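Q: sequence? don't have it. structure:
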């Protein structure tokens, strides 16, 4: 396993308990470290791993705290947007922290 | 994508990189030698769902899952954005994309063939030109087929001139040509089937695009929308608002108008109530169902039309080891049959299969959707939603308070609409 994949799996292992608490998954949570797959929801518009080549802002390598606070501001309706103020409400604060962490680590 | 990108490295491992490149990534190759192969997955259908599943199976397994993608067409042709082509607002060529990057960047084996049958017991796929292929897990993303029989007279001969253009390709170009050839003062009739069908806002976007074309090129012409549904089923206030403010007198909207018959010689359609309408151009969208291969495989178990899935894994509830994506599946409440959603299904299935083949229990993931519609040459509107798995209902339900629609059409959203298309094509295919 190469280094970047290890990093992702570690991120996933930190993320999983938080996520589990929020979403109450039906199955057991005593799992091996897993990847936070839901971050790929953002890839459709912002590019695979947040690497955008279009008018959509790139997320890869951006400051973790900036992404997290921006998403939370969208979620609270305090930051104007076309769609993000609606989509951000679909994610828990813990999930927002996970995706901010993920994108901040993409090179 | 950089040569030293980690994903690229993993692909090189998967391919057993050639000697020249091996000097650049010796460590990665060494790791690859010890890599456990997790299994073989065949994906049928390389549209928004299937191609995404193929890419992400490779990406998220680090190349440890062998992926064969079977597609009957030589190239990907995007249905999203094809309404713009009808109005002359986008070149057709921009819809057409190669599958080469799935091979090159991700090591997906892309096979051009038509699947003639699936034997779920022996886990084999039979094709017309690529022989028989074995799988551990099958991803079925075949899209939909029309129920042409629902419209009497819409036979093979009638279909030569009366188009649907609801699968992008030659029909997109042919319908564009019909619109170009239409004399000013002509009538274009668009029929919409009862939901569910592919792309809920699509017909209303199409009506808007054609109306824009008429307004700017043939102002005496008219769009008549015959909708089998009781109302505009997506972005209703926004579409009706634009039609009132921009296309008054150009668009006539008739809800509850279900086309059941067409006469190709007189160009007249008839509703189930006996109403008649004539148009120089008839653009008919018959009712839809999961594609034939889904039916013959035995996964169609909802109303004889769609495939029910387990929403954690997207595995068929009828046949084991087969995951169904995209338009073919029985959608969850408020979940559209859209290219965006199919891409999300592809990722959900890929993540579940990676987990299963790695010996772990798959967990439900979140699914998000965004559908943009261009209402003229520059401005767009959207509808979006986020769906979270409900363990009691066993369905991904819209998160309360999430999602919504635009306040009004805007140029900014028009720019995002076009950016969305470019971005998702890349996410699916590169």
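A: Nice, thanks for sending it over. Given the structure is predicted, the values throughout are model-derived calculations rather than measurements. Numbering: from 1, shown residues only, chains lettered A, B, ... in the order given.

Q: How many residues are close by the single nearest residue of chain B relative to chain A?
A: Closest residue of chain B to chain A, CB to the nearest CB: residue B:386 (2.3 Å). For the C-beta atoms, the positions are set from N, CA and C on the backbone; glycine is no exception. When neighbours are defined as other CB atoms under 10 Å in any protein chain shown, residue B:386 has 24 of them.

Q: How much space separates it from residue B:106?
A: Here the criterion is CB to CB, to the nearest Å. By it, residue B:386 lies 27 Å from residue B:106.

Q: those helices in the chain, which residues are they?
A: In the absence of a named chain, chain A is used. Listed in chain order, the helices of chain A (DSSP state H) span residues A:3-23, A:43-46, A:64-75, A:84-87, A:93-104.

Q: that answer is for a different chain, and I need it for chain B
A: Going by DSSP H, chain B shows helices at B:6-15, B:19-22, B:26-33, B:48-60, B:82-87, B:100-106, B:158-161, B:170-181, B:202-217, B:236-245, B:292-297, B:339-357, B:411-429.

Q: will you turn the ones you listed into a markdown table that also has distance to residue B:397, mean neighbour count and mean pLDDT?
A: Output for the helices of chain B, formatted as a markdown table (distance: least, CB to CB, whole Å; neighbours: other CB atoms under 10 Å in any protein chain shown; pLDDT from 0 to 100):
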| stretch | distance to residue B:397 | mean neighbour count | mean pLDDT |
| --- | --- | --- | --- |
| helix B:6-15 | 33 | 22 | 41 |
| helix B:19-22 | 47 | 11 | 32 |
| helix B:26-33 | 41 | 15 | 35 |
| helix B:48-60 | 21 | 30 | 98 |
| helix B:82-87 | 30 | 25 | 98 |
| helix B:100-106 | 32 | 18 | 98 |
| helix B:158-161 | 39 | 14 | 97 |
| helix B:170-181 | 35 | 16 | 98 |
| helix B:202-217 | 24 | 24 | 98 |
| helix B:236-245 | 22 | 17 | 98 |
| helix B:292-297 | 24 | 20 | 98 |
| helix B:339-357 | 14 | 27 | 98 |
| helix B:411-429 | 24 | 21 | 98 |
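
Q: ok, whichever residue of chain A sits closest to chain B - contacts?
A: In chain A, the residue that lies nearest chain B is residue A:90 (2.3 Å; CB to the nearest CB). Contacts of residue A:90 were listed using CB atoms under 8 Å, 6 or more residues apart in numbering or on different chains, and they are B:366, B:368, B:385, B:386, B:387, B:388, B:399, B:402, B:403.

Q: Report the buried members of those.
A: B:366, B:368, B:385, B:386, B:387, B:388, B:399, B:402, B:403 (16 or more other CB atoms under 10 Å in any protein chain shown).

Q: Next, count neighbours for the nearest residue to the fifth one once chain neighbours are set aside.
A: Once flanking residues are discounted, residue B:387 sits nearest to residue B:396: 3.8 Å by CB to CB, 6 or more residues apart in numbering or on different chains. Residue B:396: 25 surrounding residues under other CB under 10 Å.

Q: about what we covered before: show me the beta-bridge partners of the residue of chain B closest to chain A.
A: residue B:368 (DSSP bridges).

Q: State the distance from it to residue B:115.
A: Distance from residue B:386 to residue B:115, counting by CB to CB: 33 Å.

Q: Same question for residue B:171.
A: For residue B:171 relative to residue B:115 (CB to CB), the value is 22 Å.

Q: cool, and residue B:266?
A: Here the distance between residue B:266 and residue B:115 works out to 39 Å (CB to CB).

Q: what about those two, which has more around it?
A: Neighbour count, other CB under 10 Å: between residue B:266 and residue B:115, residue B:115 has more, with 24 against 9.

Q: got the contact list for that one?
A: Contact partners of residue B:115, counting by CB under 8 Å, 6+ apart, are B:44, B:70, B:72, B:125, B:126, B:127, B:128, B:142, B:293.

Q: could you redo the last one with a cut-off of 10 Å?
A: Contacts for residue B:115 (CB atoms under 10 Å, 6 or more residues apart in numbering or on different chains) come out as B:42, B:44-45, B:70-72, B:125-128, B:130, B:133, B:140, B:142, B:292-293, B:296-297.

Q: distance of the residue of chain B closest to chain A from residue A:80?
A: Computed with CB to CB, the distance linking residue B:386 and residue A:80 is 19 Å.

Q: Next: residue B:164.
A: Where residue A:80 is concerned, residue B:164 sits at a distance of 40 Å (CB to CB).

Q: Looking at those two, which has the bigger crowd around it?
A: residue B:164 (17 against 9).

Q: So that one sits against residue B:262, correct?
A: No: distance between residue B:164 and residue B:262: 11.7 Å, which falls outside the contact criterion (CB atoms under 10 Å).

Q: which residues do these two both contact?
A: Looking at what touches both residue B:164 and residue B:262 (by CB under 10 Å, 6+ apart), the common residues are B:154, B:191, B:284, B:286.

Q: which one among those residues gets closest to residue B:50?
A: Distances from residue B:50 to the shared contacts of residue B:164 and residue B:262, taken as CB to CB, are shortest for residue B:286 (23.2 Å).

Q: what residues are up against the closest one?
A: With contact set as CB under 10 Å, 6+ apart, residue B:286 has these partners: B:145-151, B:154, B:159, B:164, B:166, B:191, B:193, B:197, B:259, B:262.

Q: Show the buried residues in those residues.
A: Restricting these to buried positions leaves B:145-146, B:148, B:150-151, B:154, B:159, B:164, B:166, B:191, B:193, B:197, B:259, B:262, with burial counted as 16+ other CB under 10 Å.

Q: The closest residue to residue B:50 other than its chain neighbours: what's it in contact with?
A: Using CB to CB, 6+ apart and skipping the chain neighbours, the partner closest in space to residue B:50 is residue B:141 (3.3 Å). With contact taken as CB under 10 Å, 6+ apart, residue B:141 is in contact with B:43-54, B:69, B:71, B:291, B:294, B:314, B:323-329, B:342, B:345-346, B:349.

Q: And for residue B:133?
A: B:40, B:42, B:68, B:70, B:109, B:111, B:113, B:115, B:123-127.

Q: on that earlier part again, I'd like the contacts of residue A:90 as TSV, with pLDDT appended.
A: As requested, those are arranged in TSV below (pLDDT from 0 to 100):
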residue	pLDDT
B:366	96
B:368	97
B:385	97
B:386	98
B:387	98
B:388	98
B:399	98
B:402	97
B:403	97
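
Q: Tell me the one among these nearest to residue A:86.
A: Sorting the contacts of residue A:90 by how near they are to residue A:86, with CB to CB, puts residue B:403 at the top with 5.2 Å.

Q: Now the closest one. Nearest residue, chain neighbours left out?
A: residue B:385 (3.5 Å).

Q: Can you read off the pLDDT for residue A:88?
A: Note for residue A:88: predicted pLDDT of 98.

Q: what about it, distance to residue B:387?
A: 15 Å.

Q: Now residue B:150. Nearest residue, chain neighbours left out?
A: Closest residue to residue B:150 in three dimensions, ignoring its sequence neighbours and counting by CB to CB, 6+ apart: residue B:287, at 4.8 Å.

Q: ugh, typo on my part, it should be residue A:63
A: Spatial nearest neighbour of residue A:63, chain neighbours left out: residue A:104 (6.3 Å); criterion: CB to CB, 6+ apart.

Q: for residue B:222, same thing?
A: Spatially, and ignoring its direct neighbours in sequence, residue B:222 is nearest to residue B:187 (5.0 Å; CB to CB, 6+ apart).

Q: Now do the same contact list for that neighbour.
A: Applying CB under 10 Å, 6+ apart to residue B:187 gives the contacts B:221, B:222, B:223, B:224, B:252, B:267, B:277, B:278, B:279, B:280, B:281, B:282.
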